[in-house]
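Colleague: Fold the stuff below for me.
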Amino acid sequence: MSSIYVHIPFCVNKCPYCAFVSSDSFDDDELDFEYQRVKTDMLYASHLRPVAETVYFGGGTPPVIGISRLTGLIQYAKEIFQIPENAEITCEVNPKTVNYEFLKQMKEAGFNRLSMGVQSLNDESLRILGRIHDAEDAVKAFKEARKAGFDNISCDLMFALPNQTLEMVEADVRKMLELQPDHISLYPLSIEHGTFFYAANVQKADENTEYAMYKLICHMLKEAGYIHYEVSNYCLPGKESRHNINYWKGGEYIGCGHGSHSYAAGYRFNYTGYMEQITEKDAVEEKIMLGLRLAEGIEADEETAKKIKKYIDAGYAEYTDGRLKLTEDGFWISNAIIGDILV
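Modeller: Here you go, the predicted model:
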């Protein structure tokens with residue numbers, strides 16, 4: 001399977017926790033330049049991998065480039081790639097950057113899935129996170145997306161925020177479930193080097209509180225009928241992210257635009273010109289690291305299973321009929337488990 005990723009490196013406001021390649025300082029000339037750059041990258045990509053079974057616009061905040069450029073890029077992609085009729089075509093959006101008319105034009109142009117950066121439905125949490133939207137904006141954008149015809153909407157939800165309590169997390173999940181998104185991506189706040197939060201020494205929830213929040217969210221989403229199909233992702237039946245599953249299963253993808261990354265023909269490369277050949281050993285290790293992110297796990301021999309017997313005995317992993325997979329608690333400590341396998 002082959003996918004296309006389009007990176008739009010512009011935002012209305014750079015969030016203080018964000019470590020992605022993006023800028024909130026730009027003008028129309030820069031938007032036009034990036035629009036043409038992406039089209040050029042797409043043209044080269046179409047020669048390398050002409051079929052695109054999923055297309056994903058991320059960033060940054062793609063709608064910032066404007067509806068004409070955004071729809072122009074997806075229309076151009078349809079002209080030069082072989083995109084199947086049932087292809088998944090996703091765009092990340094901030095609730096404050098879209099309205100009904102904008103979303104309607106996106107849907108008509110070919111986008112059929114949204115990844116909405118809700119993050120929280122608590123106004124104080126959103127203020128701390130530096131978001132440009134409030135809870136009311138998020139609910140309004142979600143409902144307008146449904147009205148515009150989107151029947152596949154993912155919402156991001158963050159937890160372990162500064163000063164956040166278990167009661168606040170429970171309220172956040174309850175409000176999100178009222179919207180009934182098709183997919184939920186769950187992220188504990190990460191304080192990463194190079195971000196404002198890192199420089200300001202912002203403190204997130206402690207480890208025990210973070211774990212309690214994780215368990216609470218898992219329980220609530222499971223009770224509501226969501227499937228925990230990947231470490232950080234939940235969905236209603238049949239609404240898995242096909243684009244991201246391609247990543248986790250080691251499929252090929254070509255990145256277009258400033259800030260994008262690619263993996264194809266046994267090489268990993270990015271927009272800076274960096275290129276690395278993936279050795280057979282690398283490929284095996286990545287298959288384990290990525291595959292164990294999925295609830296379905298990986299095929300594994302008994303020797304591999306023996307390496308993590310202590311985790312299996314403790315209920316963090318299961319090994320049955322040659323298949324190794326992590327449990328819900330195992331997802332939480334997946335880095336440690338995978339590390340022991342790869343020793």
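
Colleague: What segments of the stretch 201-343 of the chain are strands?
Modeller: 227-230, 233-235, 252-256, 261-264, 267-270, 275-277, 298-299, 317-320, 323-326 (DSSP state E, counting those that start in this stretch).

Colleague: of those strands, which approaches I338 most closely?
Modeller: Comparing those against I338 with C-beta to C-beta, the closest turns out to be strand 323-326 (9.0 Å). Yep, even glycine has a C-beta here, placed from its N, CA and C like the rest.

Colleague: how many other residues sit next to K107?
Modeller: By the criterion of other C-beta atoms under 10 Å, K107 has 16 neighbours.

Colleague: quick one, what contacts G257?
Modeller: Counting by C-beta atoms under 8 Å, 6 or more residues apart in numbering, G257 makes contact with V6, H7, I8, P9, E34, R37, V38, D41, Y271.

Colleague: Need the phi and psi values for the last one.
Modeller: Comment: the main-chain dihedrals of Y271 come out as phi -70, psi -20, following degrees, to the nearest 10.

Colleague: Pull the residues that contact stretch 70-79.
Modeller: Stretch 70-79 is contacted from outside by 4, 6, 35, 38-39, 42, 52, 55, 57, 62-63, 83, 89, 91, 105-106, 108-111, using C-beta under 8 Å, 6+ apart.

Colleague: Can you list which of these are found in strands?
Modeller: Judged by DSSP state E, the subset of those located in strands is I4, V6, V55, F57, I89, C91.

Colleague: Would you map the helices across the stretch 51-200 of the chain?
Modeller: 67-80, 100-109, 123-128, 135-147, 166-179, 196-199 (DSSP state H, counting those that start in this stretch).

Colleague: send the alpha carbons of the helix ranked longest in the chain over as CSV?
Modeller: For the chain, the helix with the greatest residue count under DSSP state H is helix 28-48. These are the backbone C-alpha positions of helix 28-48, laid out as CSV (Å, rounded to 0.1, in the frame of the first residue of the first chain):
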residue,chain,number,x,y,z
ASP,A,28,0.5,35.5,0.9
ASP,A,29,3.8,35.2,-1.1
GLU,A,30,5.0,32.4,1.2
LEU,A,31,1.6,30.6,1.0
ASP,A,32,1.8,30.8,-2.8
PHE,A,33,5.4,29.6,-2.8
GLU,A,34,4.5,26.6,-0.6
TYR,A,35,1.5,25.8,-2.7
GLN,A,36,3.7,25.6,-5.8
ARG,A,37,6.4,23.6,-3.9
VAL,A,38,3.8,21.0,-2.8
LYS,A,39,2.6,20.7,-6.4
THR,A,40,6.1,20.2,-7.6
ASP,A,41,6.7,17.6,-4.9
MET,A,42,3.5,15.8,-5.9
LEU,A,43,4.6,15.6,-9.5
TYR,A,44,7.9,14.0,-8.6
ALA,A,45,6.1,11.7,-6.2
SER,A,46,3.6,10.6,-8.8
HIS,A,47,6.5,9.2,-10.9
LEU,A,48,8.0,7.4,-7.9
